[in-house]
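**Student:** got a predicted structure here, sequence first:
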Amino acid sequence: MIVAEQKPMAEIKELVAPYKKVLILGCGTCVKTCFAGGEDEVAVMASALRLAFKVDGKEIHVEEQTVERQCEDEFIQESAPAIARNEAVLSLACGAGVQAMARRFKSTPLLPGVNTTFIGVLEKPGLFTEECSGCGDCKLAVFGGICPFTRCAKKLLNGPCGGSQNGKCEVSAETDCAWHLIIERLTALGQMDNLRTYIPPKNWRASLAAGPRRLFREDHVI
Ligand code: SF4
Ligand code: SF4
């Protein structure tokens with residue numbers, strides 16, 4: 001999932017301050033799962049903003065809505081009537097959701113209410129970890145399903161740096177050494193031979209490093 005966290009309230013207040021009627025728009029998919037922008041967070045944010053502006057003696061009308069996914073036209077068109085009633089939208093979706101909305105609603109200011117952080121998993125309640133950098137050329141089969149591009153601090157492709165201690169990365173004692181995990185996993189799978197072949201430096205052309213990417217599925221064109 002895409003992991004995001006809400007911006008500090010002071011920053012949100014500053015973004016919203018120029019407007020008197022604001023729609024807070026949540027997204028019911030990734031940001032809901034990471035507690036940044038689902039229905040519950042929209043309700044809490046709306047109350048917090050109303051209270052914060054009341055304390056400042058400023059009148060503001062805050063409307064709330066959550067759509068299933070802000071990154072898809074099919075869902076965002078549901079918000080068109082609410083957007084028409086408001087001067088601006090505070091979106092609690094990821095950066096893709098905010099931009100999908102901006103594309104569709106050209107004359108409405110779109111304010112990002114969250115910081116989009118990474119592609120990750122829920123490791124345990126309350127802890128999300130980054131697992132994929134979206135490199136565009138997945139090599140997880142070689143590494144037993146653990147991504148050294150993302151999870152090794154030095155992005156090493158041909159074995160560990162030798163600095164790990166008790167399975168933890170030398171760069172951060174809170175982070176598992178990706179290579180410790182890769183070796184454990186390949187041993188369990190009986191696939192340690194995968195590491196006998198030299199892995200050349202990664203070609204980052206398929207990644208964001210070569211500019212924004214597009215994925216065109218001709219078979220889905222109507
Ligand atoms: S190899 Fe690339 S696509 Fe696969 S998990 Fe790692 S960063 Fe993501
Ligand atoms: S300790 Fe492990 S994860 Fe950390 S930089 Fe070295 S090989 Fe990579």
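**Tutor:** Looks like it came in fine. Ligands and ions are numbered 1, 2, ... in the order given.

**Student:** immediately after the helix or strand of the chain with the lowest mean pLDDT, which helix or strand?
**Tutor:** Scoring the helices and strands of the chain by mean pLDDT, DSSP states H and E places helix 73-76 at the bottom, with a mean of 94. Going down the chain from helix 73-76, the next helix or strand is helix 80-84, by DSSP states H and E.

**Student:** what is the very next helix or strand once past that following helix packed up against?
**Tutor:** Downstream of helix 80-84, the next assigned helix or strand under DSSP H and E is strand 88-91. Packing contacts for strand 88-91, counted by 3 or more C-beta pairs under 8 Å, 6 or more residues apart in numbering; DSSP states H and E, involve helix 9-16, strand 21-27, helix 95-104, strand 110-112. For every residue, glycine as well, the C-beta is placed using N, CA and C.

**Student:** residues contacting strand 88-91, please?
**Tutor:** Around strand 88-91, the neighbours that count as contacts under C-beta atoms under 8 Å, 6 or more residues apart in numbering are 12, 15-16, 18-19, 21-25, 27, 37, 45, 49, 70, 79, 83, 97-98, 101, 105, 108-114.

**Student:** on that earlier part again, most tightly packed of the helices and strands packed on strand 88-91?
**Tutor:** Counting by mean count of other C-beta atoms under 10 Å, strand 21-27 has the highest mean neighbour count of the helices and strands packed on strand 88-91, with a mean of 26.

**Student:** packing partners for the helix or strand following that one?
**Tutor:** Scanning forward in sequence from strand 21-27 by DSSP H and E, the next helix or strand is helix 30-33. With contacts defined as 3+ C-beta pairs under 8 Å, 6+ apart, helix 30-33 has these neighbours: strand 2-6, helix 39-55.

**Student:** of the helices and strands packed on strand 88-91, which is nearest ligand 2?
**Tutor:** helix 95-104 (27.4 Å; C-beta to the nearest ligand atom).

**Student:** so what secondary structure elements neighbour that closest one?
**Tutor:** helix 73-76, strand 88-91, strand 110-112.

**Student:** between those, which one is nearest to ligand 1?
**Tutor:** strand 110-112 (24.2 Å).

**Student:** in the sheet, which strands lie alongside that closest one, parallel or antiparallel?
**Tutor:** Here strand 110-112 is paired, per DSSP bridges, with strand 88-91 (parallel).

**Student:** let's test this: mean pLDDT of the strand it pairs with, rounded?
**Tutor:** The predicted model assigns strand 88-91 a mean pLDDT of 98.

**Student:** likewise stretch 110-129?
**Tutor:** On average, stretch 110-129 scores 96.

**Student:** by residue count, what's the longest strand in the protein?
**Tutor:** The longest strand of the chain (DSSP state E) is strand 114-124.

**Student:** just the residues contacting that strand, thanks.
**Tutor:** 1-7, 31, 33-34, 36-37, 91-96, 128-134.

**Student:** show the buried residues in these.
**Tutor:** 1-4, 6-7, 31, 34, 36-37, 91-96, 128, 131, 133 (16 or more other C-beta atoms under 10 Å).
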